[in-house]
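J.: Please find the sequence and the predicted model below.
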Amino acid sequence: MDPLLRVQNYLSSSLSVQQRSRLRRLQALRFRTLQHWVFRVLFGRNLPTLARLYGTDKWGSHWYATHYQTHFAPLRLRRLNILEIGIGGYEDPEAGGESLRMWRTYFPRSMIFGIDIYEKSIHDETRIKTFRGSQIDEDFLIRVLNDIRRVDIIIDDGSHLNEHVIRTFQLLFPHLSTDGIYAIEDTQSSYWASAGGSSTALNEEATTMGFFKKPIDGLNHVEFEHDYKPTYFDKNITAMHFYHNLIFVQKGANNEESNRHLFKR
């Protein structure tokens, strides 16, 4: 058995849920610098392991860390500005921050920024900075972007309300660096009426999945056989990757010419 898993199983069987929560919080808030360096030296390249160690829901509750590693591994040693929407822990100011610390360890040369509607500044430290505000407040987002100046990766792990996911993407994607990556988590809410989604109107553009299906055709807009004016997203998305409850959108100049002439008869 994986030694790390053995230790985790031992702690799970020996400590109550409350005790494990206290231990994790103690590590995160009192020994986070030591924790960071130990994790970086031993597991710095392994994002699924870091997700488990930091206790994020990107592993276990979901299996996002494997997909993140696929897309982020080539970027790991670059100097990036990474913005995550949703710090976690709800109204408890000390709770949450696991993903921010995971990203800081995995990207050793990058700045990590977090947005949450609750006060989370206790999680600020070297290479981590938090902001308090709504993910659909345009004025707030502009202030954040002015502070960050450049944003290379955006991860939406915020409210997961369909309206919020779509509006945040519309506001932030144009400010993403060329060749940047925009990730949207927990897209299962696209099918939940309680979050503004639908399990029947699957192509409804007011739902997260319905909205992000349209840019798939936009990737090939030069092939359309009718008069069509490409949107900003048509011209600036070069790839999209869909996983279970997770989307990656690759930004870049989508300016390849049509190869229609090759098929003329």
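T.: Structure's in. What do you need?

J.: contacts, neighbours, all on C-alpha from now
T.: Will do.

J.: Secondary structure of residue 68: a strand, I assume?
T.: No. Using DSSP: H, G, I helix; E, B strand; the rest coil, the assignment for residue 68 is helix, not a strand.

J.: What are the boundaries of the helices in the stretch 1-150 of the chain?
T.: Per DSSP state H, counting those that start in this stretch, the stretch 1-150 of the chain carries helices over the ranges 3-14, 17-30, 32-43, 47-54, 64-72, 98-106, 138-148.

J.: Ignore what I typed, I meant the stretch 151-265 of the chain.
T.: Using DSSP H, counting those that start in this stretch, the helices of the stretch 151-265 of the chain run over 162-172, 208-218, 232-236.

J.: Could you point out which of those helices sits nearest residue 134?
T.: Among those, helix 162-172 comes nearest to residue 134, with 9.4 Å by C-alpha to C-alpha.

J.: So which elements touch the closest one?
T.: helix 208-218 (3 or more C-alpha pairs under 8 Å, 6 or more residues apart in numbering; DSSP states H and E).

J.: re the thing from before, and the helices of the stretch 1-150 of the chain, which one averages the lowest pLDDT?
T.: The minimum mean pLDDT among those belongs to helix 3-14 (a mean of 53).

J.: re the thing from before, possible to save the helices of the stretch 151-265 of the chain as TSV with distance to residue 128, mean pLDDT and mean neighbour count?
T.: Shown next, in TSV, are the helices of the stretch 151-265 of the chain (distance: least, C-alpha to C-alpha, whole Å; pLDDT from 0 to 100; neighbours: other C-alpha atoms under 10 Å):
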stretch	distance to residue 128	mean pLDDT	mean neighbour count
helix 162-172	20	98	19
helix 208-218	29	96	19
helix 232-236	29	97	19
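
J.: Distance to residue 225 for the ones you listed - can I get that in TSV?
T.: Formatted as TSV, the helices of the stretch 151-265 of the chain follow (distance: least, C-alpha to C-alpha, whole Å):
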stretch	distance to residue 225
helix 162-172	27
helix 208-218	13
helix 232-236	16
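
J.: quick one: which of these is nearest residue 242?
T.: Evaluated with C-alpha to C-alpha, the helices of the stretch 151-265 of the chain place helix 208-218 nearest to residue 242, the distance being 9.7 Å.

J.: Centre of the chain to stretch 182-191, how far?
T.: Put simply, stretch 182-191 sits 10 Å off its chain's centre (C-alpha atoms, centre = their mean, to the nearest Å).
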